[in-house]
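Chemist: What shape does this take:
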Amino acid sequence: MRVIALTLLTLITLVACAISGVNHVVQPGQTLYRISKTYGVSADKIAAYNHIKDPTQIKAGESLWIPGVRHTRTVAVVPGTTRQTLQKSIPKVPRKKTVKPPKTVKKKSPSKVSQPVRKQPSVAVKKGLLDWPVRGAVLQTYGVKNGERNKGIVIAASEGTPVLCAAAGQVIYSGSGIQGYGHLLIVKHSDNLYTVYGHNRSTLVKTGAFVNKGQRIALSGRVPSLGRGGVHFEVRQGNQAVNPAFYLP
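Modeler: Next up is the predicted model:
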């Protein structure tokens, strides 16, 4: 299982690097319409990738993922925007006060050696950002169980049940080349977020395809380790597997 997880991690890293797209930082006076026209990508597609509900409310300093392009471009601002209004739209960051260290420092005992503490990367909870790929009981939860770490969850589903895409994105892998996952799909979303769908009976989309939230992307198959129908579902922030409960409704 560990070899499979390492193989999947390497695949996501290599394939994700090959996807064309750039991050565009919104400047004061720029609109989503002008950004879409400059890059030649529809405003609807940019809005879907970046989960923008109101295209008129993009803010200066916000980073937008522009799919399908290779280089950032200069986007013209709305006519009439002055230098003064641009400066006002950029929030000021308060300076941190310097704190003087205490004069007396306690000496540590030579017999005790302090070990560096490894901090776990913090993951922002974004409830409702993703939809359930299928509706069913959770047969296997995320985390460590019986000494083995589960990097995703397994959701019960009768074989042949349509598997729905959890959010809009681009398919970066569709195939059965990774042993132990059956027909596998990996979808890249905005903000370096990925969703993984395993143990499918068949896939309905190809690598490179753009998919919408709720679109049928596969038909569920059988989970060998459980001996019944289901879908293996993972959520990854970059290369790090995270608890799907942070993102599901």
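
Chemist: Let me see the contact set for the closest residue to residue 139 other than its chain neighbours.
Modeler: Leaving aside its sequence neighbours, residue 139 sits nearest to residue 154 (CB to CB, 6 or more residues apart in numbering; 4.6 Å). Bear in mind the C-beta positions are built from the backbone N, C-alpha and C, glycine included. Residue 154 makes contacts with 138, 139, 140, 199, 223, 226, 230, 231, 232, 233, as judged by CB atoms under 8 Å, 6 or more residues apart in numbering.

Chemist: mind running it again at 7 Å?
Modeler: Contact partners of residue 154, counting by CB atoms under 7 Å, 6 or more residues apart in numbering, are 139, 140, 223, 226, 230, 232.

Chemist: same deal with residue 142?
Modeler: Contacts for residue 142 (CB under 7 Å, 6+ apart) come out as 150, 152, 153, 243, 244, 245.

Chemist: what do you get for residue 190?
Modeler: With CB under 7 Å, 6+ apart, residue 190 has these contacts: 49, 50, 51, 65.

Chemist: do you know how far the residue nearest to residue 139 is from residue 20?
Modeler: 33 Å (CB to CB, to the nearest Å).

Chemist: returning to what we had before: among the contacts of residue 190, which two are most distant?
Modeler: The span of the contacts of residue 190, defined through CB to CB, is set by 51 and 65 at 10.2 Å.

Chemist: Among these two, which residue is more densely surrounded?
Modeler: residue 65 (17 against 14; other CB atoms under 10 Å).

Chemist: In a helix, the more buried one, correct?
Modeler: No - looking at residue 65 with DSSP: H, G, I helix; E, B strand; the rest coil, it is strand, so not inside a helix.

Chemist: filter the contacts of residue 154 to the buried ones?
Modeler: The neighbour-count criterion (16 or more other CB atoms under 10 Å) marks 139, 140, 223, 230, 232 among the contacts of residue 154 as buried.
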